[in-house]
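In: generate a structure from the sequence data that follows.
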Amino acid sequence: MAGIANYIKESFGELKNNVTWPTWAEGQKLTVLVAVFSIIFSLAIWGIDTVFSKAIGFYFHWING
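Out: Below is the predicted model of the structure:
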């Protein structure tokens, strides 16, 4: 158990002393950027899924007459 406690203590020390955190403004900009790209990517996946779904439906309708 002492090993786990030591690991957690050292991890917090690393986060506090050695990590360069973004400013509040940078964090907001990056959050908006991630949200926009997530929406664009999800719309692209939805579009591709819709096209493949229609194509497969058309194919099965065609082979079943």
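
In: going forward, measure contacts and count neighbours with C-alpha atoms only.
Out: Noted.

In: where's Val32 relative to Ile56, distance?
Out: The spacing between Val32 and Ile56, counted by CA to CA, to the nearest Å, is 36 Å.

In: all helices of the chain, in order?
Out: Using DSSP state H, the helices found in the chain span residues 2-17, 24-64.

In: centre of the chain to the longest one, how far?
Out: What it means is helix 24-64. Centre-to-centre, helix 24-64 and its host chain are 13 Å apart (CA atoms, centre = their mean, to the nearest Å).

In: now do it, average pLDDT.
Out: pLDDT averaged over helix 24-64 equals 97, rounded to a whole number.

In: cool, the shortest one as well?
Out: The pLDDT scores in helix 2-17 average 91.

In: just the CA atoms of it, as CSV, please.
Out: Output of helix 2-17 as CSV, limited to C-alpha atoms (Å, rounded to 0.1, in the frame of the first residue of the first chain):
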residue,chain,number,x,y,z
ALA,A,2,2.9,2.4,0.7
GLY,A,3,3.9,2.1,-3.0
ILE,A,4,0.5,3.2,-4.2
ALA,A,5,0.4,6.2,-1.8
ASN,A,6,3.9,7.2,-2.9
TYR,A,7,2.9,6.9,-6.5
ILE,A,8,-0.1,9.2,-6.0
LYS,A,9,2.0,11.7,-4.0
GLU,A,10,4.6,11.9,-6.7
SER,A,11,2.0,12.2,-9.5
PHE,A,12,0.4,15.2,-7.8
GLY,A,13,3.9,16.7,-7.4
GLU,A,14,4.5,16.2,-11.1
LEU,A,15,1.2,17.8,-12.0
LYS,A,16,1.8,20.8,-9.7
ASN,A,17,5.4,21.5,-10.5
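
In: would you format the helices of the chain as a markdown table with mean neighbour count included?
Out: Conversion of the helices of the chain to a markdown table gives the following (neighbours: other CA atoms under 10 Å):
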| stretch | mean neighbour count |
| --- | --- |
| helix 2-17 | 10 |
| helix 24-64 | 11 |
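
In: noted, bye for now.
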